[in-house]
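Asks: Quick check, what structure comes out for this input:
(2 chains)
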Amino acid sequence: MRVDQRLIAEMIAPRSRVLDVGSGDGTLIDYLYRTRSCDARGIEIDMQNVTQSVAHGLPVMHGDADHDLADYPDGTFDYVVLQRTLQAVERPREVLKQMLRIGHHAIISFPNFGHWRLRLQLLTTGRMPMTPVWSTPWYSTPNIHPCTIRDFLVLCEEEGYVVQQWLAIDEDGARAPWRRSIRLANLFGEQAMFLLRRAEP
Amino acid sequence: MGISVLPIVVDGPAHEHRTVCLEGGLDLECGVHLASLEVAYCTYGTLSPTRDNAILVCHALTGDQYLAEQHPLTGKPGWWSRMVGPGLPIDTDRYFVVCSNVLGGCMGTTGPRSICATTGKAWDSAFPPITMHDIVAAQAKLIDHLGIGRLFAVIGGSMGGMQALTWAADFPDRVFAAMPIATSPFHSAQNIAFNEVSRQAIFADPDWHDGHYRDFDAIPARGLGVARMMAHITYLSEEALSRKFGRRIRHDAATAVPASSSPSLFGEMFEVESYLRHQGSSFVRRFDANSYLTITRAMDYFDLAAEHDGDLANPFRESQTRFCVVSFSSDWLFPTSQSRLLVRALNRAGANVSFVEIESDRGHDAFLLEEPDFDRTIRGFINGAAEHAALLAGEG
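Replies: Modelled structure (predicted):
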């Protein structure tokens, strides 16, 4: 399991109901079921991944974040997880809203477009940055909504979401040491992970 | 038309189906009470001492209970023998598998060929209209008779999937897992239209005799044959037909028909014609026209949402059943879009749903054919559900 998936799993209380949006090969939901006795389900856009997951006995359905969250009743899950996908959805703001409608908590990870290497490349070459994390050219990238850690925080504030926990992580998913300063995390964190909940009414 | 002359077998060869006569008969949705209910069924594997390993497999429109054994009339292997057996995806070393002939059928379960208690004669075309709920209610009586409380799983493709859904809707506490395959929560206008063409073909046969053809020692073989030919096309896909037959012409004299009975310019026949004629003629040997009419009607009536205030989520609210919905990419009779409607409704109900579309170019019939991804899906879903069932039992 990837290091960042382990970090996500640590945020999730045992025996809770979890929806992993973009569950890939099902590693996280399998782990949550086996080690934390969670009722963990998945939505995945890639049919081969879906078939593989179901063939492993995991409850995974074909679907995607933009279209399939709206069906679930309010508060169906304790946690709704979106890993490394927010930048690729059609309507990130709406997806977040749905995640926090159907779940009490949302766990979101995304690659940080504010990382210094991206800033430097754009400044020095005048071209769209390419890094190991942002590795597809502008004309074919699925990442249509890149954002920085600060952008994301502003959106959370606008929407009234409470950031319960946040951390910057490096490319491999390990926790990076920029925990106190958002400014530094936004400059040096390759990816970010947030645990959100709705503000109390 | 060119269906070759058939051995007319009105009552079928003498074969004793394994049947049980169920006490109390059955109250049908239409209001008629069937005084006597017989259900013909087959079982495979062994029921566990705690009776918690039973899987009910529901057959499609023209299927029957001969799931995984040689068919007594056709001599062919069971219709899902590649799926059900020791070590197979539906593993009879682990599970007790039950398959029964549907109500209204013609393989031993009460249907148009059965004797009506009040007249002392066969029902024939007077057999009352039935619904998917009636079909499932009859199965439930069989499951009661077998001493099984909760079914570990109900699995079915096409009309069998309608039954699996009906089970989950009518008896949520008795279905731990449900697998509706290549099916839909309602019969579409297009599918009703196809069924109507089938029925009209039967009615147009001079041997139809208003459904009392058995009194005339006849069967509407041509009409039923045409119905089957037409329906068979809907089970395939253009790709499958092209690959299997293309525009190839059959030259051998045995199958070529005289020019007089065929509009073919040179007295030859396309392979696809020959294939469909064979499908039609072999079908009428094993299937009863009144059963065909009764069961296609039951399919046409099927609309789960309409029965629940127009919201398909309603029958599944609070459901603890684990669902696995499967569709096939080239199935245009029960397309993926209809499975997706079902999945969305199950999500609205908060149910536990897996949903896979299997990539296949073989149309609706793909669920009966060799599709490795499909096999893996069935095996995986059953194993996963079994793990959860054991977990719950351990907690209980």
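Asks: Just say helix, strand or coil for the closest residue in space to residue A:16 that isn't next to it in sequence.
Replies: Nearest residue to residue A:16 in three dimensions, chain neighbours excluded: residue A:78, at 3.7 Å (CB to CB, 6 or more residues apart in numbering or on different chains). The way it works is simple: take the backbone N, C-alpha and C, and place the C-beta from them, glycine included. When classified by DSSP: H, G, I helix; E, B strand; the rest coil, residue A:78 comes out as strand.
Asks: Return the residues in contact with residue 91.
Replies: No chain specified, so I'll use chain A. Counting by CB atoms under 8 Å, 6 or more residues apart in numbering or on different chains, residue A:91 touches residue A:66.
Asks: not quite, I wanted chain B
Replies: B:45, B:85, B:379, B:382.
Asks: which among the residues you listed are in contact with chain A?
Replies: Near chain A, judged by CB under 8 Å from any CB of the partner chain, the entries from the contacts of residue B:91 are residue B:379.
Asks: among the contacts of residue B:91, which are in helices?
Replies: B:379, B:382 (DSSP state H).
Asks: Which of the contacts of residue B:91 sits closest to chain A?
Replies: residue B:379 (7.0 Å; CB to the nearest CB).
Asks: since we're on the residue of the stretch 251-396 of chain B found nearest chain A, how many residues are nearby?
Replies: Using CB to the nearest CB, the closest approach of the stretch 251-396 of chain B to chain A is made by residue B:384 at 2.2 Å. When neighbours are defined as other CB atoms under 10 Å in any protein chain shown, residue B:384 has 23 of them.
Asks: Distance-wise, check residue B:73 relative to chain A.
Replies: Separation of residue B:73 from chain A (CB to the nearest CB, to the nearest Å) stands at 36 Å.
Asks: Quick one: classify residue B:326 as helix, strand or coil.
Replies: strand.
Asks: Please apply the same query to residue A:104.
Replies: Applying three-state DSSP: residue A:104 is strand.
Asks: Can you list the residue ranges for strands in chain A?
Replies: For chain A, the strands defined by DSSP state E occupy A:17-21, A:39-44, A:60-62, A:77-83, A:103-111, A:161-169, A:191-198.
Asks: likewise the stretch 251-396 of chain B?
Replies: Here the stretch 251-396 of chain B has its strands, by DSSP state E, counting those that start in this stretch, at B:269-270, B:322-328, B:352-358.
Asks: In contact with residue 64, which residues are there?
Replies: Let's take chain A. A:22, A:43, A:45, A:89.
Asks: my bad, chain B
Replies: Contacts of residue B:64 by CB under 8 Å, 6+ apart are B:71, B:79, B:101, B:105, B:107.
Asks: Over to residue A:29?
Replies: A:18, A:20, A:23, A:38, A:40-42, A:53, A:58-60.
Asks: Would you mind listing what in chain A touches chain B?
Replies: Going by CB under 8 Å from any CB, the residues of chain A near chain B are A:39, A:41, A:47, A:50-51, A:53-63, A:68, A:71-73, A:76.
Asks: Pull out the buried members of those.
Replies: A:39, A:41, A:50-51, A:53-63, A:68, A:71-72, A:76 (16 or more other CB atoms under 10 Å in any protein chain shown).
Asks: Work out which residue lies at the spatial centre of chain B.
Replies: residue B:60 (0.9 Å; CA atoms, centre = their mean).
Asks: now it: how far from chain A?
Replies: 22 Å.
Asks: Now do the helix or strand of chain B with the lowest mean pLDDT: which elements does it pack against?
Replies: Every helix and strand in chain B was compared by mean pLDDT, DSSP states H and E; the lowest is helix B:372-395, with a mean of 87. Under the contact criterion of 3 or more CB pairs under 8 Å, 6 or more residues apart in numbering or on different chains; DSSP states H and E, helix B:372-395 touches helix A:47-55, strand B:90-91, strand B:151-157, strand B:175-181, strand B:322-328, strand B:352-358.
Asks: and the ones you listed as CSV, adding mean pLDDT and distance to residue B:273?
Replies: Putting the helices and strands packed on helix B:372-395 into CSV (pLDDT from 0 to 100; distance: least, CB to CB, whole Å) gives the following:
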stretch, mean pLDDT, distance to residue B:273
helix A:47-55, 96, 36
strand B:90-91, 98, 36
strand B:151-157, 98, 27
strand B:175-181, 98, 30
strand B:322-328, 98, 26
strand B:352-358, 97, 30
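Asks: The ones you listed: which one's closest to residue A:99?
Replies: For those, proximity to residue A:99 was assessed by CB to CB; strand B:352-358 is nearest, at 18.2 Å.
Asks: Which positions in the closest one come out as buried?
Replies: B:352-358.
Asks: Please name the residues that touch the residue of chain A found nearest chain B.
Replies: Closest to chain B within chain A is residue A:57: 2.2 Å, counting by CB to the nearest CB. With contact taken as CB under 8 Å, 6+ apart, residue A:57 is in contact with B:380-381, B:383-385, B:387.
Asks: Most neighbours among these, which one is it?
Replies: That'd be residue B:381 among the contacts of residue A:57, by other CB under 10 Å, with 27 neighbours.
Asks: Tell me where the model's unsure across chain A.
Replies: For chain A, the stretches with pLDDT under 70 are A:173, A:177-179, A:201.
Asks: what are the ranges of the helices in it?
Replies: A:3-11, A:27-36, A:47-55, A:65-68, A:92-102, A:116-125, A:149-159, A:182-188.
Asks: Buried deepest among those helices, which one?
Replies: When you average the neighbours per residue for each of the helices of chain A (mean count of other CB atoms under 10 Å in any protein chain shown), helix A:47-55 leads with a mean of 22.
Asks: tell me how far it is from the chain's mean position?
Replies: Centroid separation for helix A:47-55 versus its chain: 20 Å, with CA atoms, centre = their mean, to the nearest Å.
Asks: What are the contacting residues of it?
Replies: A:23-26, A:29, A:42, A:44, A:60-62, B:324, B:354-359, B:373, B:376-377, B:379-381, B:384.
Asks: what about 6 Å?
Replies: A:24-26, A:44, A:60, A:62, B:354, B:356, B:373, B:376-377, B:380-381 (CB atoms under 6 Å, 6 or more residues apart in numbering or on different chains).
Asks: and residue B:99, that's in a strand?
Replies: Yes - residue state for residue B:99 (three-state DSSP) corresponds to a strand.
Asks: burial of the closest residue in space to residue B:208 that isn't next to it in sequence, as a residue count?
Replies: Once flanking residues are discounted, residue B:208 sits nearest to residue B:220: 4.4 Å by CB to CB, 6+ apart. For residue B:220, the neighbour count with other CB under 10 Å is 24.
Asks: and what of residue B:369?
Replies: Going by other CB under 10 Å, the residues that sit close to residue B:369 add up to 13.
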